[in-house]
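# Sharing a model that was predicted from the sequence below.
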Amino acid sequence: MTHKIKIVLAEDELSLGKIIKESLEARNFEVFHCINGVEANKKYQAEHPDILVLDVMMPIKDGFTLAKEIRQENTKIPIIFLTAKSQTEDVVKGFHLGGNDYLRKPFSMEELIVRIKALVKRKTTQTNNNLQIGNYTFNPKKQILLFNHLKTDLTSRESELLHHLYLKKNEILERQFILKKLWGNDDFFNARSMDVFISKLRKKLKNDTQIQIINIRGYGYKLIC
């Protein structure tokens, strides 16, 4: 029997919360909907979910406060923040508090589902330190690449960037997302810095000609392997 992904959803807009819950349950997720951070924390403690989906603005206890509290005891559980479209500054703050991803309202259910599955898969993958990228073995924890018996050391940021590319392999890794996740914001200078890191990774993966990191202009990068 396939394991149902268990989700604690904190959303104070009752109609939106109901739509999200019913849509996810129709796709075989198990969802616990709460209308504020206090309720969500109780449900988190009782149900031990696979992932948290937290609205930023909620009464009694907001999503950021709840995430900060949970991160003090659990650094592994994936957290997705839901933000109002105008709250751009919240994105950076959310990452600093330990968030793994964010979605701006309004969003499509399909996009939310893809991101939930990707983060839960990533959490599962992390139990195995060695990842296969073409003919390379990548260990993100030790920050090394192995090609046959040739070892290449990676910097912390190179390793993080490659790990995110791996988790989205053969899909587009959004430029804005990774800049805010690893560099803190998506300004011009950070964007140029990321381009340099991409070039470095290409060189370090050059022994396997089947591996490509493609620039999708205006969107991001795609690791093909």
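Nice, I can see it.
# And residue 136, how far from residue 212?
Computed with CB to CB, to the nearest Å, the distance linking residue 136 and residue 212 is 13 Å. All C-beta spots, glycine's among them, are computed from the backbone N, C-alpha and C.
# Which one of those two is surrounded by more residues?
residue 136 (21 against 13; other CB atoms under 10 Å).
# domain parsing for this protein?
Residue ranges for the domains of the chain, per automatic domain parsing: 6-125, 131-224.
# show me where pLDDT drops low in this structure?
When residues are selected by pLDDT under 70, those of the chain lie in 1-2, 85-88, 124-128.
# Strands along the chain, start to end?
Listed in chain order, the strands of the chain (DSSP state E) span residues 6-10, 30-34, 51-55, 79-83, 101-104, 131-133, 136-139, 144-147, 150-153, 172-174, 212-216, 220-224.
# In this model residue 204 seems to touch residue 145, though I could be wrong.
Yes. Contact between residue 145 and residue 204 holds when scored by CB atoms under 8 Å: they sit 6.1 Å apart.
# hmm, back to that, relative to residue 194, which of the strands of the chain is closest?
Using CB to CB as the measure, strand 220-224 is the one of those that comes nearest residue 194, at 8.7 Å.
# quick one: the residue nearest to residue 28 when sequence neighbours are not counted from residue 161, how far?
Here the nearest residue to residue 28 in space, its sequence neighbours aside, is residue 4; by CB to CB, 6 or more residues apart in numbering that works out to 5.9 Å. Separation of residue 4 from residue 161 (CB to CB) stands at 32 Å.
# likewise residue 189?
Here the criterion is CB to CB. By it, residue 189 lies 16 Å from residue 161.
# quick one on the thing from earlier: more crowded one of residue 4 and residue 161?
residue 161 (24 against 12).
# dump the residue contacts of residue 184.
Taking CB atoms under 8 Å, 6 or more residues apart in numbering, we find residue 184 in contact with 92, 95-96, 190.
# er, residue 201 actually
The contact partners of residue 201, by CB under 8 Å, 6+ apart, come to 158, 161-162, 165, 213.
# Just among those, which is most surrounded?
Neighbour counts for these were taken using other CB under 10 Å; the highest belongs to residue 162, which has 26 neighbours.
# Hmm, it is touching residue 139, no?
No. Residue 162 is beyond contact range of residue 139, at 10.7 Å (criterion: CB under 8 Å).
# show me where this structure has helices.
14-25, 37-47, 63-71, 88-96, 109-125, 156-167, 175-178, 188-204 (DSSP state H).
# Now the ones you listed in TSV, please, with extra columns for distance to residue 221.
As requested, the helices of the chain are exported to TSV (distance: least, CB to CB, whole Å):
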stretch	distance to residue 221
helix 14-25	29
helix 37-47	34
helix 63-71	27
helix 88-96	19
helix 109-125	16
helix 156-167	6
helix 175-178	7
helix 188-204	6
